[in-house]
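Asker: My questions concern the predicted model and sequence given below.
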Amino acid sequence: MSNTSNTSGSQSSSNSPKSKQKDAADEDVPSPMEVLRNARTQLAELTGMVAESVSSFERTEDGWTLQIEVLELVRVPDTMSLLASYEATCDLQGELTGYRRVRRYERGRSDSNRPGGR
C-alpha cells in the first residue's frame, strides 16, 4: 500500500501547476512564421489590398516589425502596377497594432531607378 501513495505523490508532482503554466505560456507565443502570416492576413483585411510579400521581419522589445509589400493598383502591363511598402507593427502575440505606408513604386522599377537614387 505504501507504493500506491508514493505513486500518487509522484504523479501529482509531475502535473504541478508550474509545469502547466510553463506549457500554457509556450503555447501563447507564436512562431515567427505564424506572426508573418497573421500580419499579412490582417493588413490585407484592413486595407482591402493584396499583401504580396514580406521584405523584412524583425523581433523588437515590444513585439515585431515587418515591411510588407502590397499591390495597390493593377495595371497592364503588370510591370506598371503600383506597389507599396507598409511598415507593420505587431505585439508579442502577433496581433497587428499599427501600420503605415512608407513607400509607393511601380513594380518594374528598382530602387536604383528611382529619381534621386532613393
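Answerer: Now that the structure is in, tell me what you want to look at.

Asker: Span of stretch 100-111 from start to end?
Answerer: Using C-alpha to C-alpha, to the nearest Å, one end of stretch 100-111 lies 19 Å from the other.

Asker: thinking S53 is in contact with I68, fair?
Answerer: Yes. Contact criterion C-beta atoms under 8 Å: S53 and I68 qualify, at 7.4 Å. In short, each C-beta sits where N, CA and C put it, glycine included.

Asker: Neighbour count: the two, which is higher?
Answerer: I68 (24 against 11; other C-beta atoms under 10 Å).

Asker: Bridged to that one, which residues?
Answerer: As for beta bridges, I68 partners with V54, Y86 under DSSP bridges.

Asker: secondary structure element for A88?
Answerer: Secondary structure assignment for A88, by DSSP states H and E: strand 82-91.

Asker: what's next to that strand, contact-wise?
Answerer: With contact meaning C-beta atoms under 8 Å, 6 or more residues apart in numbering, strand 82-91 is reached by 35, 38-39, 43, 47, 52, 55, 60, 62-73, 75, 96-107.
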